[in-house]
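In: I'll drop the sequence and a predicted model, then ask my questions.
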Amino acid sequence: MNKSPGSTSASARYITADGERALREELQYLWKVKRPEVTQAVREAAAQGDRSENAEYIYGKKQLREIDRRVRFLSKRLDELTVVDRLPNDQSRVYFGAWVTVEDEAGEEQCYRLVGADEFDLSKGYLSINSPLARALIGKYLDDEVSVNTPEGWKVYGITGIRYEELNADK
């Protein structure tokens, strides 16, 4: 997942319901499970005496700082995110949350879901809405072509599929 605390663009504030749920679960885990475990480990290490040369104590304190930093970030980030929890009226066009299948000039197909910056994961096919390809795809129809400037030069992609998943609030 990409952590983009400095993002200020409007699209950087959008997240899918699944993405928001994952961030809330991570926050809950860090606060209710991980932090108490590390706090107990630090307490036990501190009881062993000299803290200046106690590796367990020093490492535990570092872990606590990292956990606290992540908890602060997640709490603040969740407050500023807008959850996109409904399907668009016009599902024949590409919008946030869509699964889009594109074909490159070589005939290779890839399927991506357009998601928020906090939840992108290319191994799952989740493409950040802020990426050049996603920005080019927004608003396009089936069979449209888009040109994207990549590090290897300009590439043309054809849209071969657009689909939306039904939203399930009970997940």
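Out: Thanks, I have the structure now.
In: where is the longest strand in this structure?
Out: The longest strand of the chain (DSSP state E) is strand 153-163.
In: give me the number of residues near residue 25?
Out: 10 (other Cβ atoms under 10 Å). For every residue, glycine as well, the C-beta is placed using N, CA and C.
In: what's near enough to touch residue 80?
Out: Contacts were defined as Cβ atoms under 8 Å, 6 or more residues apart in numbering; by that measure residue 80 touches residue 13.
In: mind giving me the domain ranges of the protein?
Out: The record, using automatic domain parsing to delimit domains, assigns the chain the ranges 11-84, 99-163.
In: what does the longest strand of the chain rub up against?
Out: Here strand 153-163 makes contact (Cβ under 8 Å, 6+ apart) with 91-94, 98-105, 109, 111, 133, 136-137, 140-148.
In: what segments of this protein are strands?
Out: 14-16, 82-84, 99-103, 109-115, 126-128, 145-150, 153-163.
In: how about those in TSV, adding mean pLDDT, distance to residue 64 and mean neighbour count?
Out: TSV is the format used below for the strands of the chain (pLDDT from 0 to 100; distance: least, Cβ to Cβ, whole Å; neighbours: other Cβ atoms under 10 Å):
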stretch	mean pLDDT	distance to residue 64	mean neighbour count
strand 14-16	93	27	23
strand 82-84	92	30	16
strand 99-103	97	40	20
strand 109-115	96	31	19
strand 126-128	95	30	21
strand 145-150	94	41	13
strand 153-163	95	44	14
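In: tell me which residue is most central in the protein.
Out: A centroid search over the chain (Cα atoms, centre = their mean) returns residue 119, at 1.1 Å, as the residue closest to the centre.
In: that residue and residue 95, how far apart?
Out: With the distance defined as Cβ to Cβ, to the nearest Å, residue 119 ends up 16 Å from residue 95.
In: if we can go back for a sec, next up, the contacts around the residue nearest to the centre of the chain.
Out: 1, 15, 16, 18, 19, 22, 23, 126.
In: beta-bridge partners for the third one, please?
Out: Each beta-bridge partner of residue 16 is listed here, defined by DSSP bridges: residue 84.
In: from residue 84, how far off is it?
Out: Counting by Cβ to Cβ - residue 16 and residue 84 are separated by 6 Å.
In: test my guess that residue 81 contacts residue 17.
Out: No. Counting by Cβ atoms under 8 Å, residue 81 does not reach residue 17; the two are 10.9 Å apart.
In: pull the longest helix from the protein.
Out: Using DSSP state H, we find that the single longest helix of the chain is helix 55-80.
In: distance between that one and the chain's centre?
Out: Between the centre of helix 55-80 and the centre of its host chain there is 19 Å, according to Cα atoms, centre = their mean, to the nearest Å.
In: need the strands of the chain in CSV with distance to residue 40, can you?
Out: Rendered in CSV, the data for the strands of the chain read as follows (distance: least, Cβ to Cβ, whole Å):
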stretch, distance to residue 40
strand 14-16, 33
strand 82-84, 34
strand 99-103, 43
strand 109-115, 36
strand 126-128, 35
strand 145-150, 49
strand 153-163, 47
